[in-house]
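S.K.: fold the following.
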Amino acid sequence: MASLVIRPTARNPSWNPSPPAATGPRTLLPSQFRFTGVVEDKPDDVFARAEKKIVRNDSSGTLTDTEEFSWSVERTVTVEDRKATIKGTDGRLTFAGLAVLGGILSSEVRSMYAVTTQATLSRKKTVSVQVPPHSAIEIQLNWTVVRQPGLGRFVGGGDTRLDMPFAVDMELTVVPYLRNI
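M.R.: Below is the predicted model of the structure:
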């Protein structure tokens, strides 16, 4: 069997049979990074829901009404591995690599903020109102989750640093508002 040999010609003197070298960022591995800690941002109040109750008084005397409200939500840790930023290198992590580091950050944050599986945030609020005769008052409760955002910091070789955003639900708060209707 004959083999084909291609040689440079006058028409193509720079022809090179080897493929061009790969250009662009190199792929980084999760094992090249180590977790160094978190940098916290200012906590955010995130609106969760509003709850309304109308208290009517159809009598001729003032009515005192007491209402109890309660709510529970699952306490969560959110890691935004796809929003990670890498500084100090032109290298990149694959989505799988980011997911590995996101898992490490999630474990560290859960430990730091004592977030266990099945953890909940609960709050009860008792509201007492005096309703004048032949009127009604609307009670509105605005529930918010206090969320602690931050960055998980990883360092690699040289000056390479990776910052990955996270948020932890810290507290459930409620604010009542009263309105004559």
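S.K.: from here on, contacts and neighbour counts on C-alpha atoms
M.R.: Fine.
S.K.: show me the contacts for Val155.
M.R.: Phe33, Arg34, Phe35, Thr36, Arg161, Leu162 (Cα atoms under 8 Å, 6 or more residues apart in numbering).
S.K.: of these - the most surrounded one?
M.R.: Leu162 (21 neighbours; other Cα atoms under 10 Å).
S.K.: what sits against that residue?
M.R.: Ala84, Thr85, Ile86, Lys87, Arg153, Phe154, Val155, Gly156.
S.K.: now, of those residues, which are buried?
M.R.: Ala84, Ile86, Arg153, Phe154, Val155, Gly156 (16 or more other Cα atoms under 10 Å).
S.K.: hmm, who's touching the least confident helix or strand in the chain by mean pLDDT?
M.R.: Lowest on mean pLDDT, DSSP states H and E among the helices and strands of the chain sits strand 92-93, with a mean of 82. Strand 92-93 is contacted by residues Pro25, Arg26, Thr27, Leu28, Leu29, Pro30, Ile86 when judged by Cα under 8 Å, 6+ apart.
S.K.: repeat that for 7 Å
M.R.: For strand 92-93, the external contacting residues (Cα atoms under 7 Å, 6 or more residues apart in numbering) are Pro25, Arg26, Thr27, Leu28, Leu29.
S.K.: Thr64 reaches Val127, doesn't it?
M.R.: No: between Thr64 and Val127 there is no contact, the gap being 10.5 Å when judged by Cα atoms under 7 Å.
S.K.: number of residues surrounding the residue nearest to Ile137 when sequence neighbours are not counted?
M.R.: Excluding the flanking residues, the one nearest Ile137 by Cα to Cα, 6 or more residues apart in numbering is Asn180, at 4.5 Å. Around Asn180 there are 12 other residues, counting by other Cα under 10 Å.
S.K.: can you read off the pLDDT for Asn180?
M.R.: Note on Asn180: pLDDT of 93.
S.K.: hang on, the earlier thing: given the least confident helix or strand of the chain, what are its sheet partners and their directions?
M.R.: Sheet partners assigned to strand 92-93 using DSSP bridges are listed as strand 27-28 (parallel).
S.K.: surely Val168 touches Glu74?
M.R.: No: counting by Cα under 7 Å, Val168 does not reach Glu74; the two are 11.1 Å apart.
S.K.: between the two, which is the more surrounded one?
M.R.: More crowded of Val168 and Glu74, by other Cα under 10 Å: Val168, with 22 against 12.
S.K.: if I look at the more buried one, how far off is Val174?
M.R.: From Val168 over to Val174 the distance is 18 Å, taken as Cα to Cα, to the nearest Å.
S.K.: tell me the least confident of the contacts of strand 92-93?
M.R.: In terms of pLDDT, Pro25 ranks lowest among the contacts of strand 92-93, with 70.
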